[in-house]
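Participant: Generate a structure from the sequence data that follows.
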Amino acid sequence: MSSWMAVEEHLELWLSFLACLVLAAFYGVYALLAAPSGGHPFGLSLGAIGMALMLITETIYSIRKRVRWLHWLGSLRLWLSFHILTGIVGPFLVLLHSGFAVGGVAGWALTMAGMVVLSGFVGRYIYTAVPRTRAGIEWSRDELAVRADQAQMELDEWVAQAPAVEHTLARLAGPPANASGWRRVLLRGFEDSTYTSRVRAALRPLKHAERARLGELQRLLRQQRQLERQIASLDSAQRLMGVWRLVHIPLGIALFATAFIHVIAALYFKGLPF
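Facilitator: Sure, this is the predicted structure:
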């Protein structure tokens, strides 16, 4: 179950990379049959579709997020996944459209697209640090505290049923983290991996009977750790998300300004090849 949840959490990334692989295969066939060029009908089609997807990326999710009565179209989490999917596939199509020839205004547009995509990955990482429901609604600090108390109660039940677990939990307990909130947000992937290794090492000496439910105990320990971190770094994660928007939105505006200049210049000087 936990492995499937991990796949589901990153599903839009897997689908995006799969789509890019399929598109790259088609592009390989195209490159064998013709000289790749942004002015070729096929290359021009790639650019037009990529540009349309990037426009969808910047508009549809923003509209869904701000217009409340559109909730019937699906959850915010679903539309964020669509936003990420089009935000990766669209720039990749633009890259294929360019024929990997970067220069002039087209080169600047391609560079800006790359910066926006990289910024998007950073934003997604920060976004996932803010705990949300499956529908994409943020948990409040009080709701997180309730869930943390529930996790602690389950751990107490473990201790009552298996006294050896108490020694294990004592080994995992340590001094409270003194890292600043923003560092706990940005380095959480490394900290989670380190903590998971510590959990496995601490649970290894348990007797076979007590290890029968080892997976459940590991899940519970990781959940408690995650909740504690989320409560401690909630404000920092929200502030980082605000700072990220101040960078990402102007990058998106610059990208589309450059892309439109490129399109207008191409139509003016070269016209449509059809």
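Participant: for the protein, which residue is closest to the average position?
Facilitator: residue 124 (3.6 Å; Cα atoms, centre = their mean).
Participant: For that residue, give me its contacts.
Facilitator: residue 84 (Cβ atoms under 8 Å, 6 or more residues apart in numbering). For glycine as for every other residue, the C-beta is placed from the backbone atoms N, C-alpha and C.
Participant: how many other residues sit next to the closest residue in space to residue 65 that isn't next to it in sequence?
Facilitator: Spatial nearest neighbour of residue 65, excluding adjacent residues (Cβ to Cβ, 6 or more residues apart in numbering): residue 76 at 6.2 Å. Other residues lying near residue 76 total 17 when counted by other Cβ atoms under 10 Å.
Participant: pretty sure residue 76 is in contact with residue 66, am I right?
Facilitator: No - using Cβ atoms under 8 Å, residue 76 makes no contact with residue 66, being 10.7 Å away.
Participant: so what's residue 15 scoring on pLDDT?
Facilitator: Here the pLDDT value assigned to residue 15 is 91.
Participant: So which bits of the helix or strand that contains it are buried?
Facilitator: Element membership for residue 15, per DSSP states H and E: helix 11-33. For helix 11-33, the neighbour count (16 or more other Cβ atoms under 10 Å) marks 12, 15-16, 19-20, 23, 27, 30 as buried.
Participant: from those residues, which is closest to residue 194?
Facilitator: residue 12 (26.9 Å; Cβ to Cβ).
Participant: Just the CA coordinates for the helix holding residue 15, please, in PDB.
Facilitator: What follows is helix 11-33, C-alpha atoms only, in PDB (Å, rounded to 0.1, in the frame of the first residue of the first chain):
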ATOM      1  CA  LEU A  11       2.200  10.000 -10.800                       C
ATOM      2  CA  GLU A  12       2.200  13.200 -12.900                       C
ATOM      3  CA  LEU A  13       6.000  13.200 -13.000                       C
ATOM      4  CA  TRP A  14       6.100   9.600 -14.200                       C
ATOM      5  CA  LEU A  15       3.400  10.300 -16.800                       C
ATOM      6  CA  SER A  16       5.300  13.400 -17.900                       C
ATOM      7  CA  PHE A  17       8.600  11.500 -18.400                       C
ATOM      8  CA  LEU A  18       6.800   8.700 -20.200                       C
ATOM      9  CA  ALA A  19       5.200  11.200 -22.600                       C
ATOM     10  CA  CYS A  20       8.600  12.800 -23.200                       C
ATOM     11  CA  LEU A  21      10.100   9.400 -24.000                       C
ATOM     12  CA  VAL A  22       7.300   8.700 -26.500                       C
ATOM     13  CA  LEU A  23       7.700  12.100 -28.100                       C
ATOM     14  CA  ALA A  24      11.500  11.600 -28.300                       C
ATOM     15  CA  ALA A  25      10.900   8.300 -30.100                       C
ATOM     16  CA  PHE A  26       8.700  10.000 -32.700                       C
ATOM     17  CA  TYR A  27      11.200  12.800 -33.100                       C
ATOM     18  CA  GLY A  28      13.900  10.200 -33.700                       C
ATOM     19  CA  VAL A  29      11.900   8.800 -36.600                       C
ATOM     20  CA  TYR A  30      11.200  12.300 -37.900                       C
ATOM     21  CA  ALA A  31      15.000  13.100 -37.800                       C
ATOM     22  CA  LEU A  32      15.700  10.100 -39.900                       C
ATOM     23  CA  LEU A  33      13.200  11.100 -42.600                       C
END
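Participant: Thanks again, I'm all set now.
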